[in-house]
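Novice: Here is my input, please return the structure:
(2 chains)
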Amino acid sequence: MNKRGATSVLIIMLMVVLMVFGLTILTTALSNKTLSEKKQTWLMDYYLLEGKAAEKLAEIDLLLQRLKEDAVTNESNDRLTTYQSSIENLMEDGYISFTVFEEGQDYNKSIRVDLQVILNKNDISDLEFIESSNYEIIRYIQEQELFDYEDIEYGNPFFPKED
Amino acid sequence: MNRKGFTLVEIIFSIAFLSLVSVIMLQLLITSFEIENKTDTIEIANVFLINEIERLKSLNLDDLKDVDLNYTESWEPTNKENSHFNLRVYLVELEPGLYKLLGQVIEDEVLLNITTKHYYHDKE
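Specialist: Below you'll find the predicted structure:
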């Protein structure tokens, strides 16, 4: 058998292997960088959304504070009854709930907050009534749109379509 | 044709070609390592900044103050002179109890920027 050129063939094969190895490493590094950037964008969007929820909480706290002050100055009923009747239209199933939305780049996020209004008994002073906490956060849930498998040609791999 | 020395020429040529490809390969490796290091730095900076922001959110109004921390290259706390990374969180009061938190991590330039708001109501 003529072995001329065997060295060249071996070297070329080695070169191909080295190039594939190098390109694989570069591709992996670039993928990690992309993933890190996506995570960073998600976090920035999430904290902006939390900021919106904080603004809403401040608004509700101010409103409840004003209603408390009005209840104290109202002379027709006891302050607790006045306060309860003024917050009735704000409540849903016994809680004050709100949801803030943020349109992210990919999947829309939202934060849902449920608050329980703190109702103090009448045996404390007016000042203590006004200065006490107005609410307690019962639920604080971040939600996001689910990834839509319908866009993929073969559908959801976890729940195959029944034909 | 005199074919003596043909295999030697072949080997010399192959080694030269292999050296050229090795240079390209090494450059790819160096670029990959630089990208990985940068990604790692940003991930660690993220963790430190978020920890600091969440810590500030857990405090009472009376304990709030701006944060200015310095870290070495291996993320050990240090003073300003030996600082490689600078972590800052500024607090801006928007309304009574409602604060804007501006967090940044700076190396030679701004690596990370996170802005959020937090409402500090009664902690009793």
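Novice: so how far is residue B:101 from residue B:113?
Specialist: 12 Å (Cβ to Cβ, to the nearest Å). No exception for glycine: its C-beta is placed from N, CA and C like everyone else's.
Novice: higher neighbour count, the two?
Specialist: More neighbours surround residue B:101 than the other of residue B:113 and residue B:101, with 24 against 13 (other Cβ atoms under 10 Å in any protein chain shown).
Novice: Now do the contacts for the more buried one.
Specialist: By Cβ atoms under 8 Å, 6 or more residues apart in numbering or on different chains, the residues touching residue B:101 are B:53, B:56, B:57, B:89, B:90, B:91, B:115, B:116, B:117, B:118.
Novice: Name the nearest residue to the third one, sequence neighbours excluded.
Specialist: When you say that, I think you mean residue B:57. residue B:118 (4.8 Å; Cβ to Cβ, 6 or more residues apart in numbering or on different chains).
Novice: Secondary structure element for the one you found, which one?
Specialist: If you go by DSSP states H and E, residue B:118 is part of strand B:110-119.
Novice: Identify the residues contacting that strand?
Specialist: For strand B:110-119, contacts defined as Cβ under 8 Å, 6+ apart pick out A:40, A:43-44, A:47-48, A:50-52, A:54-55, A:57-58, A:61, B:41-42, B:45-46, B:49-50, B:53, B:56-57, B:85, B:94, B:97-105.
Novice: cool, stretch A:32-45 as well?
Specialist: So stretch A:32-45 is contacted by A:102, A:104-105, A:109, B:35-36, B:38-39, B:42-43, B:46, B:50, B:112-115 (Cβ under 8 Å, 6+ apart).
Novice: quick one: it to chain centroid distance?
Specialist: Mean-position distance between stretch A:32-45 and its chain equals 15 Å (Cα atoms, centre = their mean, to the nearest Å).
Novice: beta partners of the residue lying closest to residue A:91 once chain neighbours are set aside?
Specialist: Nearest non-adjacent residue to residue A:91, counting by Cβ to Cβ, 6+ apart: residue A:117, 7.0 Å away. Beta-bridge partners for residue A:117, by DSSP bridges, are residue A:135.
Novice: Burial check on residue A:117, number of neighbours?
Specialist: Using other Cβ under 10 Å, residue A:117 has 19 other residues around it.
Novice: How about the one 3 residues further on?
Specialist: Each residue near residue A:120 was counted by other Cβ under 10 Å, and the total is 15.
Novice: Tell me the secondary structure of residue A:99, please.
Specialist: strand (DSSP: H, G, I helix; E, B strand; the rest coil).
Novice: how close does it sit to residue A:84?
Specialist: Separation of residue A:99 from residue A:84 (Cβ to Cβ) stands at 24 Å.
Novice: what's the answer for residue B:79, then?
Specialist: Applying Cβ to Cβ, one obtains 56 Å for the distance of residue B:79 from residue A:84.
Novice: which of the two has more neighbours?
Specialist: Taking other Cβ under 10 Å, residue B:79 and residue A:84 do not tie; residue A:84 has more neighbours (15 against 8).
Novice: list the contacts for that one?
Specialist: residue A:119.
Novice: What does the pLDDT read for it?
Specialist: With respect to pLDDT, residue A:84 scores 83.
Novice: how near is it to chain B?
Specialist: Per Cβ to the nearest Cβ, to the nearest Å, residue A:84 is found 20 Å from chain B.
Novice: in the helix or strand hosting that residue, what's buried?
Specialist: Assigned by DSSP H and E, residue A:84 belongs to helix A:79-87. The neighbour-count check on helix A:79-87 (16 or more other Cβ atoms under 10 Å in any protein chain shown) flags A:79, A:82, A:83, A:86, A:87 as buried.
Novice: name the helices or strands packed onto the lowest-mean-pLDDT helix or strand in chain B?
Specialist: Lowest by mean pLDDT, DSSP states H and E among the helices and strands of chain B is helix B:6-57, with a mean of 90. Counting contacts by 3 or more Cβ pairs under 8 Å, 6 or more residues apart in numbering or on different chains; DSSP states H and E, helix B:6-57 packs against helix A:6-73, strand B:67-71, strand B:85-95, strand B:98-106, strand B:110-119.
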